[in-house]
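Participant: prediction below, plus the sequence it came from.
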Amino acid sequence: MRRREFITLLGGAASLWPLAVRAQKPPLPVIGFLSSASADLYTIRLRAFHNGLKDQGYVVGQNVAIEYRWAEGQNNRLPVLAAELVHRQVDVIAAGGGTPSAVAAKAATATIPIVFAVGVDPIRIGLVASLNRPGGNLTGITSLNVEVGPKRLEVLRELIPKATIIALLINPTNPSLAEDFLRALEPVASTLGLQLHVLQASTEQDFDRVFAALAQLRADALVIMPDVFYNSRSEQLAKLSLRHAMPAIFDHRPFVAHGGLISYGSNETEYYRLLGTYTGKILRGMKPADLPVTQSTKVELLINLKTAKALGLTVPLSLLGRADEVIE
C-alpha cells in the first residue's frame, strides 16, 4: 500500500471512531419488579410506582428499564421468579407484591438492593434489623392495613349493630400477615362481643367452600384479610359476597368499585408512589441500610351505597359522613 493511501485510510478511520463511540449508549439501569399478583390488576399501582420514580428523575424507557415478574396469585412461584431477577443482575428489586414477595426477594440475594412494600412489622419477620437503620440490603414501605384491622370490626358493628358472628378470611400461604391480622382483631372482637370464625382460602376453588361455610356459620359479616391474592380476585369476591347476601369489608378500593360493600385501608396510590420514590433513591446511589423504613399513613374509607341497599342495610349518617368516597 502506498504511504499516501495508508495515511488517508488511517485518517478516515480516526474520523469515524467518535461516531462509533457516540452510537454506543450506556445500558439503562434495570429495576426488577416482583409481585404475587398479575399485571392486569396493577394498572393504578404501577402508575403510582412510575410517578414515584419520576419524583427521583427516572422515566421508564428513557433512563431506566423495568423487568416484571408476576406470580399470578401463586406465592410458591415467587422464589423462582426472584432467582430469575438475581440471575438477570438487576440493579434493584422492588418487591411490590406484599410480604411473600419481600421474603422471596430477601432469600434470593444478600447483595442486590431490595425495596419492599409490606403490611406487617418488617423487623418481626426478619426483613430488617431496625426501622431507622435497616442494615443489610433491604428497606421499604409499610402500610397500616394490619393496624386498622380492628377498625374494620368497629365499622361493621356500626353498620350492623345486631351482628354477633363475624367470619375472617385469611390466606394460609401468607402466614406472617395472617397471624398479625388475626392477633390484631381478636381482642377487639372480644370487647365488642363478637364471635370470630377463621376461614381459609388460597385458590379460587376455595371460594365456593368459604361462602358455603359462611351460610353454615350463620355469619353476619365477613372481614377479608389484606392480601395480594385477594386483591387480584377483588371483583370475584365482591360478586360472591353480593350473590350470597354477605356484608363484607376489605382494604382494597377496587373491591367496592366492583360491588363490594365497604373498604377501609391504606391508599394504594400513596403506598406505591412511596415504593417508586424509594426505588429511585436506591438508583441514585443511596444504600438501603441508610434509608429508614417509612410508613404509608393515608387511610381511606369507601362505601357502596347501592350494595348496602341491595343487602337491606341502612348506612348511618355518621358513617357516610366519614367516608372518603360513596358509590351510589
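Facilitator: Noted; the coordinates are in hand.
Participant: any stretches of the stretch 151-300 of the chain with poor pLDDT?
Facilitator: Along the stretch 151-300 of the chain, the model assigns pLDDT under 70 to no residue.
Participant: which residues in the stretch 1-150 of the chain form helices?
Facilitator: Secondary structure of the stretch 1-150 of the chain (DSSP state H, counting those that start in this stretch): helices at 3-23, 43-55, 78-87, 98-108, 149-159.
Participant: ok, the stretch 201-328 of the chain next?
Facilitator: Residue ranges of the helices in the stretch 201-328 of the chain, as given by DSSP H, counting those that start in this stretch, are 205-217, 228-231, 234-243, 253-257, 268-283, 305-310, 317-322.
Participant: mind giving me the domain split of the protein?
Facilitator: The chain breaks down into these domains under automatic domain parsing: 30-144+268-298, 149-265+300-327.
Participant: any chance of these in CSV, plus mean neighbour count?
Facilitator: Placement of C-beta: from N, CA and C, glycine included. CSV is the format used below for the domains of the chain (neighbours: other C-beta atoms under 10 Å):
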stretch, mean neighbour count
domain 30-144+268-298, 20
domain 149-265+300-327, 19
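Participant: who touches residue 274 in this structure?
Facilitator: 52, 117, 141, 294, 296 (C-beta atoms under 8 Å, 6 or more residues apart in numbering).
Participant: isn't the first one right up against residue 272?
Facilitator: Yes. With contacts defined as C-beta atoms under 8 Å, residue 52 counts as touching residue 272 at a distance of 7.0 Å.
Participant: picking that back up, just put the contacts of residue 274 in TSV and tack on distance to residue 186.
Facilitator: Putting the contacts of residue 274 into TSV (distance: C-beta to C-beta, whole Å) gives the following:
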residue	distance to residue 186
52	35
117	26
141	26
294	28
296	25
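Participant: between those, which sits nearest residue 195?
Facilitator: Using C-beta to C-beta, residue 296 comes nearest to residue 195 of the contacts of residue 274, at 32.0 Å.
Participant: how about that closest one: what's its closest non-neighbour residue?
Facilitator: residue 271 (4.3 Å; C-beta to C-beta, 6 or more residues apart in numbering).
Participant: residue contacts, that neighbour?
Facilitator: Neighbouring residues of residue 271 by C-beta under 8 Å, 6+ apart: 45, 48, 117, 141, 143, 296.
Participant: redo that, cut-off 7 Å
Facilitator: By C-beta atoms under 7 Å, 6 or more residues apart in numbering, the contact set of residue 271 is 117, 141, 143, 296.
Participant: ok, back up a step: mean pLDDT lowest where, among the helices of the stretch 1-150 of the chain?
Facilitator: For the helices of the stretch 1-150 of the chain, mean pLDDT drops lowest on helix 3-23, to a mean of 47.
Participant: for the residue nearest to residue 296, give its distance to residue 48.
Facilitator: Distance, residue 271 to residue 48, using C-beta to C-beta, to the nearest Å: 8 Å.
Participant: quick one on the thing from earlier: can you tell which of the helices of the stretch 201-328 of the chain is closest to residue 131?
Facilitator: Going by C-beta to C-beta, the one of these nearest residue 131 is helix 268-283, 13.5 Å.
Participant: and that closest one, C-alpha only, in PDB?
Facilitator: C-alpha atoms of helix 268-283 as PDB (Å, rounded to 0.1, in the frame of the first residue of the first chain):
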ATOM      1  CA  GLU A 268     -52.800   2.300  47.300                       C
ATOM      2  CA  THR A 269     -51.700   5.400  45.200                       C
ATOM      3  CA  GLU A 270     -49.700   6.800  48.100                       C
ATOM      4  CA  TYR A 271     -48.300   3.400  49.000                       C
ATOM      5  CA  TYR A 272     -46.900   2.500  45.600                       C
ATOM      6  CA  ARG A 273     -45.700   6.100  44.900                       C
ATOM      7  CA  LEU A 274     -43.500   5.800  48.000                       C
ATOM      8  CA  LEU A 275     -42.300   2.400  46.700                       C
ATOM      9  CA  GLY A 276     -41.300   4.100  43.500                       C
ATOM     10  CA  THR A 277     -39.600   7.000  45.300                       C
ATOM     11  CA  TYR A 278     -37.500   4.700  47.400                       C
ATOM     12  CA  THR A 279     -36.500   2.600  44.400                       C
ATOM     13  CA  GLY A 280     -35.400   5.800  42.700                       C
ATOM     14  CA  LYS A 281     -33.300   6.800  45.700                       C
ATOM     15  CA  ILE A 282     -31.500   3.500  45.500                       C
ATOM     16  CA  LEU A 283     -30.800   4.000  41.800                       C
END
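Participant: this completes my enquiry, with thanks.
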